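Engineer: okay, here's the prediction I keep looking at, along with the sequence it came from:
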Amino acid sequence: MHDIPAALGDPVRQQTLTAMYREHHGWLHGWLRKKLGCSQQAADLAHDAFIRVLMLSEPQHIQEPRAFLATTAGRLLIDGARRRRIEKAYLQALAIQSEDAGVPDPAAIHVALQALERIAEMLTGLPAKAREAFLLSRLDGLTYSEIALRLNVSPSSVKNYISSALVHCYHSLHAADPLS
């Protein structure tokens, strides 16, 4: 599931991670519990935040651990909300479609949700207009001129937005799978 950094056996790294966990896990869990109102969700998110710290190549360079952990946990909250919105939209689309064609296979639903989640991850970090132009082009099938009207920009700007989105997706794919 997660690729563990090769330097995990480094004693300085282990000491840094252990100290950070001891000093800040309780605080992070409490902070998340107040935000979420659920101790179990808070525990899961705190765990995921520390997994992200574990994945860093040099966690000893974190200057402000609580700020880093809060930012990481906040991003995880946003990722979770985005995932739930994608799942809800997909399930609504399936409900509309299933009225005509029957209920789809649960495995197919799972695969489609994973693909949608991966697409959402790939588009993270893109400027809003580039992301919107890309989605309007790829999902809605709009032409560059139609997108330009919606975004109140020129068609050449739309072309640049979509080009940058494609490059961003390409780099995102190759960062996730360096062998491809």
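Structural biologist: That came through, no problem.

Engineer: quick check, pLDDT for the most centrally placed residue in the chain.
Structural biologist: Centroid check for the chain by C-alpha atoms, centre = their mean gives residue 121 as the closest residue, at 4.1 Å. Here, the pLDDT recorded for residue 121 equals 78.

Engineer: in space, what's closest to it - neighbours in sequence excluded?
Structural biologist: Closest residue in space to residue 121, ignoring its immediate chain neighbours: residue 172 at 7.3 Å, by C-beta to C-beta, 6 or more residues apart in numbering. C-betas here are computed from N, CA, C, even on glycine.

Engineer: what strand or helix carries the one you found?
Structural biologist: Per DSSP states H and E: residue 172 is located in helix 155-176.

Engineer: so for the longest helix that the chain contains, what gets flagged as buried?
Structural biologist: Here the longest helix in the chain is taken by residue count, with DSSP state H as the criterion, and it is helix 65-101. Under the neighbour-count criterion of 16 or more other C-beta atoms under 10 Å, helix 65-101 has 65, 68, 69, 70, 72, 73, 76, 82, 86, 90, 94 buried.

Engineer: quick one: low-confidence ranges for the chain?
Structural biologist: Confidence mapping of the chain against pLDDT under 70 gives the ranges 1-9, 96-104, 175-180.

Engineer: now do the residue lying closest to residue 39 once chain neighbours are set aside against residue 73, distance only.
Structural biologist: The spatial neighbour of residue 39 that comes closest, neighbours along the chain excluded (C-beta to C-beta, 6+ apart), is residue 33 at 5.3 Å. Using C-beta to C-beta, to the nearest Å, we find residue 33 at a distance of 11 Å from residue 73.

Engineer: same question, residue 144
Structural biologist: With distances taken as C-beta to C-beta, residue 144 is found 39 Å from residue 73.

Engineer: which of the three states applies to residue 63?
Structural biologist: Secondary structure state of residue 63, per DSSP: H, G, I helix; E, B strand; the rest coil, is coil.

Engineer: no, scratch that, I was asking about residue 130
Structural biologist: Reducing the assignment at residue 130 to three states with three-state DSSP gives helix.

Engineer: same check, this time on residue 28
Structural biologist: The three-state assignment at residue 28 reads helix, by three-state DSSP.

Engineer: who are the contact partners of it?
Structural biologist: With contact set as C-beta atoms under 8 Å, 6 or more residues apart in numbering, residue 28 has these partners: 46, 49, 66, 69, 70, 73.

Engineer: in JSON lines: the residues you listed, plus distance to residue 40.
Structural biologist: Formatted as JSON lines, the entries for the contacts of residue 28 read as follows, by distance: C-beta to C-beta, whole Å:
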{"residue": "46", "distance to residue 40": "11"}
{"residue": "49", "distance to residue 40": "15"}
{"residue": "66", "distance to residue 40": "22"}
{"residue": "69", "distance to residue 40": "19"}
{"residue": "70", "distance to residue 40": "19"}
{"residue": "73", "distance to residue 40": "15"}
